[in-house]
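Enquirer: Here is a sequence together with a model predicted from it:
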Amino acid sequence: MRLHRLTVTAFGPFAGTETVDFDALASGGLFLLRGATGAGKSSVLDAVCFALYGEPPGTRRASRLRSDHADPRHLTEVRLELTLGGRRLEVVRLPEQRRPKKVGSGTTVERAQTLLRAWVEDAGEGVPGWRAVSKSHQEAGEEIHRLIGMNRDQFCQVVLLPQGDFARFLKADSEERGKLLRRLFDTERFQHVESWLAEQRRAQEVSVQTGRARLRDFASKADQAAGAGAEPLTEEQQEDVTGVLAWAAVLRSEASEQLSVAEAALEGAGARQRAAQRGREAAEQLAARQRRHEQALQQARRLAEFEPAAERDGLRLAEALRAVGVESALRLREGAAEARERAAEAERRCRAELDGTAATPEQLAARERELRAEVVRLEAAGEEERRCARLDRDERSLVADRRRAEELAEEAQDWLAEFEGELSRLEADRSGALEACARVDRLDARREELGTRLTAARERDSLKVRIGGEEPRAAALRTAALDAREHCLDLRDRRLTGMAAELAEQLRAGEACRVCGSPEHPAPAGASAGGRITAEDEERAAASRDAAERAWQQADRALTALRVREATAAGTAGPESAEQLADALEELEREHREARHAAENLVRIEREIGRLTRERTRRQEELRGAEEHAAVLTDRLRKLEEERSELEGRVAAARGESASVAERAAALAARAELVSAAVAAARAGAQALARLEEARDELAKASAAAGFPDAASALAVLLPREERERLEARLARHREESAAVRRELALPELAEAAAREPADLPAAAAALAAATEGLGRAHAARAAAAERCTALAGIGRQLNALAAELGPALERFERINRLAALAAGTSTENRLRMRLESYVLAARLEQVAAAASARLVRMSGGRYTLVHSDDRGGGNKRSGLALRVVDAWTGTERDTATLSGGEGFFASLSLALGLADVVTDEAGGMPLDTLFIDEGFGTLDEQSLEEVMDVLDGLRERDRAVGIVSHVADLRSRIPAQLLVRKGRHGSTLTLAARENS
């Protein structure tokens, strides 16, 4: 990086435009920047930093960059030409500042501006010149930072070498050195590594603690599952996974032995229960057989009592069965008589419907055939009649369709006739809306301006009121200050007058006067009429005067600030009053609302015009379609009328006097059905009469065959079928029950059981209950033992799985815990208790110390070198960033704080230069062709100054320029190229000065 030209306007102490030509100034490689204190030497460096980074060095605020001496019409500007990365660049920056308004009075805020340009060989038409790179603050800053490779803090430490900072750095403790090194070398990533390792340690610790908690939980579950008699887990085993696993294995072994014992007890209890079950079953079987024998005896006695009634029912059933053959013939005759009566009635009803005709069945059948032939003929005519009806409906439908098409065409024509007028109206509305949009934009600008002026006018009026209140107070404080000053002067005069009286009081006869030396005192001075004034009185008056003047000055500054604000507000507001501006703003707001309301209709009007255009196209297409459709319908109507006229003649001949062909066909079909029904009824009556005669003959034959003299005798003993079936079932049931009772009483086991003593069921049940209860207890014991084994086996599997999972977690935790402790400097393995970031910074400090020692050896005549020390600080302070100076004359190391003023300057300058080299290498090796060294040379003697100048001459190698900012007079004669900063009442100026001769 090489600086070429710096131009500042209204910047810092420079009221006008000042230019520094670094190419001419640094042609010899070394130049001096000198001037009186407060002239603005450091402001030149501030301007360089501001041009590159948009901010001055350190904690100075960008808002205070404007010169208080500058003309208000001149804007503060810094322009810097430099070479970065082989590119010639120009950076122009203007901070945010207030300037007079171009129109009207008052001031306005000029926003910050940035312009980055590059010199190119072809800026247009083959001519070299400047080409803009960016006007963005952020883009320009990123590009410059990329080319320099350093942030602002690093640049200020490396290029603008502040000796005071490095003097403090030289004698600071490790913590303070770490702050500067951390800022310069950007070791935040190592802090992130430390934080990440600590976070990972906490996370792994949580995982391990969770695993150990689960291990204790499983051990507690195993202890509960094992029961009260199990061996407890010791505290040592609780913390050891292997110990818990071994203890769990012992519990499983004991539970397995208990399961074997419980299974043996269960087998014995099962045998006893089965024996008791067999005893109870035997008692229940004996009791059941005894009950069956007793029930059989009771059933035999009941059947013997029913025997006489069964014999009577048997005789009655035999007579009824003999008359069963006559029953079917009798029912056949009765059915035939009923059928003959129904057939005769149907025949009479059919003939009555045929007007009481007496025709034979053959005549009626011939008439039916004639009627059905006529119905068949009329069916064809009916189809033609239905065709006429369909044609009539089609004709009406076509007429309606044609009428709708004509109406649609007429409606489309009417709409198209009105379209042009509506479109013209909307076009006019759109023009008005577009004008309203333009008015809204114009009114927005006016409204913003009026709003700003109204706010300023109100502030102006408010400030006037405050100024009116503050002016009397400031005048009173000024009067009080003047009175206090006059009183103080009066007291001083009175005291001076009274000093002779004080001396006269100290005179003694015969003693020499302290003023004239005479032992005689003819006319000693007397005290003043107002009393004696002491020094304390004068001091109190002076204090009162100072307090009154401070109060007046404070009030005067506040009043001046109010007047400045009032003038600024008045310039912004203009001559109008706040009420006039408010009325104007209200009127403007009304106009704005009206214009905005009109402009809001633009979208709606555009949509309406689009809709009308689309509707016009649709209506035109609709008109063409309707006219074509009406022509097609007219042609179809003509053809339908011709077909319908032809069919109507044939249908009228077939219809006759009936309303329709279908009606006539239906009447003839109904007549044919009546004739057919009459024929069927006559034939059915003849057949029913014949069947009745046959049934009568069959009944007489059946009565004789059954042995009855006539049918009436058979009917006397005949029983209904349900009664016969009931008697048969009762007699059969009696016979079956009697046989079953006989078989039951003949069984030998029932007889044997009846001969024995009654069975004792309660005793057998009690024995079975006792055995079952014992079996239940054995089952419960066996189930508990099995459940215990299952639970312990499951817990054992979970413990094995947890052990397999917890083992790697413990290894990971041990590894990450060790790394985190090493990085944090808390591990016993970290002998120096040095954090990771401090370790990196210590490595950088070693490089800085080595680079600094190369120059310090030359400056100190080979006596001093700087070394980095890992020694711990006092108390609990960690090591890593200590500096020691090695004295080659004594061969000892000592603290850098023991260096004298000149030696300290050697060391701090060496550190600054060494740090510049290391930071430059760290930032990517960007060559720094321009350096500034600020002060510190006043502490050197002539020889030391020569040695320092030799080192600085070495910096000029490889075409490097070094600027020295100093008051030292010897440097004026040693350095030929000088930039002189002169301060004056109206601001400072910059001029090139020649070397002064010694």
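Expert: The structure has been received and is ready for your questions. These figures come from a predicted structure and were not determined experimentally. Residues are numbered from 1 along each chain as shown.

Enquirer: how about the helices of the stretch 801-950 of the chain, start to end?
Expert: Listed in chain order, the helices of the stretch 801-950 of the chain (DSSP state H, counting those that start in this stretch) span 836-859, 901-922, 942-955.

Enquirer: which stretch in those has the least confidence?
Expert: Ranked by mean pLDDT, the helices of the stretch 801-950 of the chain bottom out at helix 942-955, with a mean of 64.

Enquirer: Could you look up the next helix or strand downstream of it?
Expert: Remark: after helix 942-955, the chain's next helix or strand is strand 961-965, criterion DSSP states H and E.

Enquirer: Quickly find the element holding residue 780.
Expert: Counting by DSSP H and E, residue 780 is found in helix 761-824.

Enquirer: scratch that, residue 427
Expert: helix 361-505.

Enquirer: what is the rounded mean pLDDT of that helix?
Expert: 79.

Enquirer: packing partners for that helix?
Expert: The helices and strands touching helix 361-505, judged by 3 or more CB pairs under 8 Å, 6 or more residues apart in numbering; DSSP states H and E, are helix 535-573, helix 578-655, helix 661-705. No exception for glycine: its C-beta is placed from N, CA and C like everyone else's.

Enquirer: Just want the angle from that helix to helix 578-655.
Expert: Orientation of helix 361-505 against helix 578-655 (axes from the mean of the first three to the mean of the last three CA atoms, to 10 degrees) gives an angle of 170 degrees.

Enquirer: I'd like the distance from helix 361-505 to the chain centre, please.
Expert: Helix 361-505 sits 33 Å away from the centroid of its parent chain (CA atoms, centre = their mean, to the nearest Å).

Enquirer: likewise stretch 600-612?
Expert: Worked out by CA atoms, centre = their mean, stretch 600-612 lies 40 Å from the chain centre.

Enquirer: residues of it that come out buried?
Expert: Neighbour counts using 16 or more other CB atoms under 10 Å place 602, 605, 608, 609 of stretch 600-612 among the buried residues.

Enquirer: coming back round to it: tell me how far the helix holding residue 780 lies from the chain's centre.
Expert: 45 Å.

Enquirer: residue ranges with poor pLDDT in the stretch 651-800 of the chain?
Expert: 651-662, 664-665, 668, 672, 699, 702-718 (pLDDT under 70).

Enquirer: Quick check: mean pLDDT of stretch 622-641?
Expert: Rounded mean pLDDT across stretch 622-641 is 79.

Enquirer: Run a quick neighbour tally on residue 417.
Expert: Using other CB atoms under 10 Å, residue 417 has 9 other residues around it.

Enquirer: From residue 616, how far out is it?
Expert: Distance, residue 417 to residue 616, using CB to CB, to the nearest Å: 11 Å.

Enquirer: now swap in residue 677 and tell me
Expert: Residue 677 sits 74 Å away from residue 616, going by CB to CB.

Enquirer: Residue 536 too?
Expert: Counting by CB to CB, the gap from residue 536 to residue 616 is 108 Å.

Enquirer: What is the neighbour count of the nearest residue to residue 640 once chain neighbours are set aside?
Expert: Nearest residue to residue 640 in three dimensions, chain neighbours excluded: residue 395, at 5.0 Å (CB to CB, 6 or more residues apart in numbering). Number of residues near residue 395 (other CB under 10 Å) recorded here: 16.
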